Every structure is written in C-alpha cells, then in structure tokens.
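Asker: The following comprises the amino acid sequence and a computationally predicted model.
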Amino acid sequence: MRQQLRDDQWKRIEGLLPGKVGDPGRSGADNRKFVEAVLWIARTGSPWRDLPLEFGSWNSTYQRFARWSRAGVWH
C-alpha cells in the first residue's frame, strides 16, 4: 500500500486522534491505515464503496469516519 502520509507527518497527528492508551472506548487499532483510507477517498473523490480492500471493509471504514465526524475529530 502506498502511503499518503510520511512517518514524520503521522507522528505529528497520531497523538491527536482517538484511541490512545488511556482513552475511553474503542482502541486506536490501525488508526494510520484508517486515516490513509480517508485520505485516499479525499484524493480520488471515489465513493466509499470503491475503497480498495487493502484498507479494510469500506462500510466499517465509513462508519468509523462518520463516528469521528460526529465527535468533531476532523475539525
């Protein structure tokens, strides 16, 4: 999988995302892969259903995106 984020860019945002050790609720398992999936959608303009399988289930990815949006993570 070609990554959109360099390691230094990821390190800058990693600590700002939900799912860190000590955060309540779900873990941040595969946060980077998830953010890469969102960036792929934004870059290509493709619908969620066209998300490549290397990012995981399009529906699970979309549901997580929607949860993070409702929580204000992207703002």
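Answerer: Here it is on my side, so go on. Numbering: from 1, shown residues only.
Asker: hang on, residue 3 packs against residue 36?
Answerer: Yes - between residue 3 and residue 36 a contact is recorded at 5.9 Å, counting by Cβ atoms under 8 Å. Using the backbone N, CA and C atoms, a C-beta is placed for each residue, glycine as well.
Asker: which of these two has more neighbours?
Answerer: The residue with more neighbours, out of residue 3 and residue 36, is residue 36; 18 against 13, by other Cβ atoms under 10 Å.
Asker: Show me what the helix or strand that one falls within is packed against.
Answerer: Element membership of residue 36 [criterion: DSSP states H and E] is helix 31-44. For helix 31-44, the elements it packs on are helix 7-14, helix 58-70, judged by 3 or more Cβ pairs under 8 Å, 6 or more residues apart in numbering; DSSP states H and E.
Asker: Which strands or helices does the last one pack on?
Answerer: Applying 3+ Cβ pairs under 8 Å, 6+ apart, one finds that helix 58-70 contacts helix 31-44.
Asker: Apart from its chain neighbours, what residue comes closest to residue 10?
Answerer: Counting by Cβ to Cβ, 6 or more residues apart in numbering, residue 32 is the residue found nearest to residue 10 once chain neighbours are left out, at 5.8 Å.
Asker: That neighbour contacts residue 17, doesn't it?
Answerer: No - in this structure, residue 32 is not within contact of residue 17 by Cβ under 8 Å, at 9.2 Å.
Asker: leaving aside the residues next to it on the chain, what's closest to residue 55?
Answerer: Ranked by Cβ to Cβ, 6+ apart and with sequence neighbours excluded, the top spatial neighbour of residue 55 is residue 37, at 3.8 Å.
Asker: Against residue 24, how distant is the one you found?
Answerer: Note on residue 37: its distance to residue 24, by Cβ to Cβ, to the nearest Å, is 24 Å.
Asker: can you list contacts of stretch 11-20?
Answerer: For stretch 11-20, the external contacting residues (Cβ atoms under 8 Å, 6 or more residues apart in numbering) are 5, 25, 26, 27, 28, 29, 31, 32, 35, 68, 71, 73.
Asker: Mind doing that once more with 10 Å?
Answerer: Defining contact as Cβ atoms under 10 Å, 6 or more residues apart in numbering, one finds that stretch 11-20 is touched by 5-7, 23-32, 34-35, 64, 67-68, 71, 73.
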